[in-house]
Each structure stands twice: as structure tokens, then as C-alpha cells.
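Chemist: take a look and give me a structure for this.
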Amino acid sequence: MVTGAALWPIMTALSSQVATRARSRWVRVMPSLAYCTFLLAVGLSRVFILAHFPHQVLAGLITGAVLGWLMAPRVPMERELSFYGLTALVLMLSASLIYWTLFTLGLDLSWSISLASKWCERPEWVHVDSRPFASLSRDSGAALGLGIALHSPCYAQVRRAHLGNGQKIACFVLAIGLLGSLDWMGHPPQISLFYIFNFLKYTLWPCLVLALVPWAVQMFGAQEVPPIRSS
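Modeler: Predicted structure coming up:
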């Protein structure tokens, strides 16, 4: 869902640029075709590695495309930190309310997980990521982390500076290394602790990528200007 929504404005921007320069109909549909092909590959890979069930992937792709279409003209630029905090809170409360309402009515959203845990030859292969609240803890944490990163002093300092190509490459390598290290740590086996850990991890990710890593690269890569000697 997140992949489909995040790539939608990129696809529409590329489509508009291609439409103004290309006359061929096939060339014009290339961004849309690449978008659909990439989402299909992501969905198949999620099923293949047993991270999600097919119905979850299909629902997520459709929801992501619709959200990208609806929210593209409403990008939250220059919002207050409270906006991001309230967004994370509303996501958690609304999803919890919907889940428990459906559960009270007799509809268990974890029905596929229960069946898989019962009939799978290796029940440990049923990932915790496939549970309904796993995506919720990730998305709400990312929303809060984005707000914290955009309003941090580190980001304000980096925004005023100009990073060279070498510094941008260093930021990319360092960010990938740190994010990979966080993924390598794994997660607690208890479900409640997993949700808390997942929330905190994805809150930290935007802070690292947008603020902390560029700030550290800028600070260590800045060259001290020698003082001008008067004659």
C-alpha cells in the first residue's frame, strides 16, 4: 500500500513530462506500465517470501493506488509537528476502532493467520509482519518520525547548506548501512513488544535519513576555512 501510494505522484509526474515530448502512444504509457509492473513484482515477492498473503497484497496494492490518486494534490508540506503527531494518533485509534468493531461483530481479520498457523507444516514461517497491526505500527511510526525529522535542528541546518555529490553518496551509503543494521537486529517474539519495537524503529528511520545522517556527513565533511591574514 505504501509503495503504491508513494510511487503514484512520481509516475504521474513522469507521465505528464513524457506526454509533452513524445507522440507515440506506447511511449506515453511507459510510466504507467512500469508502475504496474513494479507493483506486481513487489506483490509477488511479498507472497514468495511468505511476508503476506495474496489477498493482503491485492488489497494493499489497490488501496495504495487509490490513496496516491486522492492524496497527490494534498501533500502535507510545511505542516506543524502536531499535524504529524495527530496523523499517527488518528491512524492508530481509527484502525484499532475498526478492528475491534469488526471483531465484536464476529469478523476476525486474522482468520488467514490462524489457518496458516494451524495447517502450515512450519508454523514459524508465518511472519509477524503479516498481522493486521504490523503495518499500522510501521505507518504511524513513519508519520511521526517524518514530522520529528522535518522539525529537528539538524534538518534545519542541513536544509540551509549545500551538500556536494560526494557528501550525498556518503549519506546514501551511511543511511543504507544504518537501516540495514536496524533490520538485522530482528524483533522481539512477543506480539505486543514487536508492535512497540516496530513503531520505534520506523519512527527512527525518517530521522536518520532526513536529518541525522546528512547532518553528521555535513559536520564531519565541512572543511575549516583558514583565516585571512592581513598584510
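Chemist: which of the residues in the longest helix along the chain are buried?
Modeler: When the chain is parsed with DSSP state H, its longest helix is helix 81-104. Burial within helix 81-104, assessed by neighbour count using 16 or more other CB atoms under 10 Å, is assigned to Y84, T87, A88, L91, M92, A95, Y99. From N, CA and C alone the C-beta is placed, and that goes for glycine too.
Chemist: before we move on, what about stretch 162-179?
Modeler: Residues of stretch 162-179 classed as buried: Q167, A170, C171, L174, A175, L178, L179 (neighbour count, 16+ other CB under 10 Å).
Chemist: convert the C-alpha atoms of it to PDB, please.
Modeler: Taking C-alpha atoms only, stretch 162-179 is exported to PDB below (Å, rounded to 0.1, in the frame of the first residue of the first chain):
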ATOM      1  CA  HIS A 162      24.500  22.600   0.100                       C
ATOM      2  CA  LEU A 163      25.800  19.000   0.000                       C
ATOM      3  CA  GLY A 164      28.200  18.000  -2.700                       C
ATOM      4  CA  ASN A 165      27.900  14.900  -4.800                       C
ATOM      5  CA  GLY A 166      30.500  13.100  -2.600                       C
ATOM      6  CA  GLN A 167      28.500  14.000   0.600                       C
ATOM      7  CA  LYS A 168      25.300  12.800  -1.000                       C
ATOM      8  CA  ILE A 169      26.900   9.500  -1.800                       C
ATOM      9  CA  ALA A 170      28.300   9.300   1.800                       C
ATOM     10  CA  CYS A 171      24.700  10.000   3.100                       C
ATOM     11  CA  PHE A 172      23.300   7.200   0.900                       C
ATOM     12  CA  VAL A 173      25.900   4.600   2.000                       C
ATOM     13  CA  LEU A 174      25.700   5.500   5.700                       C
ATOM     14  CA  ALA A 175      21.900   5.600   5.700                       C
ATOM     15  CA  ILE A 176      21.700   2.200   4.000                       C
ATOM     16  CA  GLY A 177      24.200   0.700   6.500                       C
ATOM     17  CA  LEU A 178      22.300   2.000   9.500                       C
ATOM     18  CA  LEU A 179      18.900   0.900   8.200                       C
END
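Chemist: returning to that earlier point: kindly reformat the buried residues of stretch 162-179 as CSV containing distance to R79 and secondary structure.
Modeler: As requested, these are arranged in CSV below (distance: CB to CB, whole Å; DSSP: H, G, I helix; E, B strand; the rest coil):
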residue, distance to R79, secondary structure
Q167, 27, helix
A170, 29, helix
C171, 24, helix
L174, 27, helix
A175, 23, helix
L178, 26, helix
L179, 25, helix
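Chemist: still on that earlier bit, most widely separated two among the buried residues of helix 81-104?
Modeler: Farthest-apart pair in those is Y84 and Y99; separation 22.8 Å (CB to CB).
Chemist: this protein: helices as residue ranges?
Modeler: Secondary structure of the chain, counting by DSSP H: helices at 2-21, 25-28, 30-48, 54-71, 81-104, 111-119, 132-150, 153-160, 165-184, 191-206, 213-221.
Chemist: need these in a markdown table with distance to W125 and mean pLDDT, can you?
Modeler: Formatted as a markdown table, the helices of the chain follow (distance: least, CB to CB, whole Å; pLDDT from 0 to 100):
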| stretch | distance to W125 | mean pLDDT |
| --- | --- | --- |
| helix 2-21 | 23 | 80 |
| helix 25-28 | 42 | 79 |
| helix 30-48 | 12 | 88 |
| helix 54-71 | 16 | 82 |
| helix 81-104 | 24 | 86 |
| helix 111-119 | 8 | 79 |
| helix 132-150 | 16 | 86 |
| helix 153-160 | 40 | 86 |
| helix 165-184 | 18 | 85 |
| helix 191-206 | 16 | 86 |
| helix 213-221 | 34 | 85 |
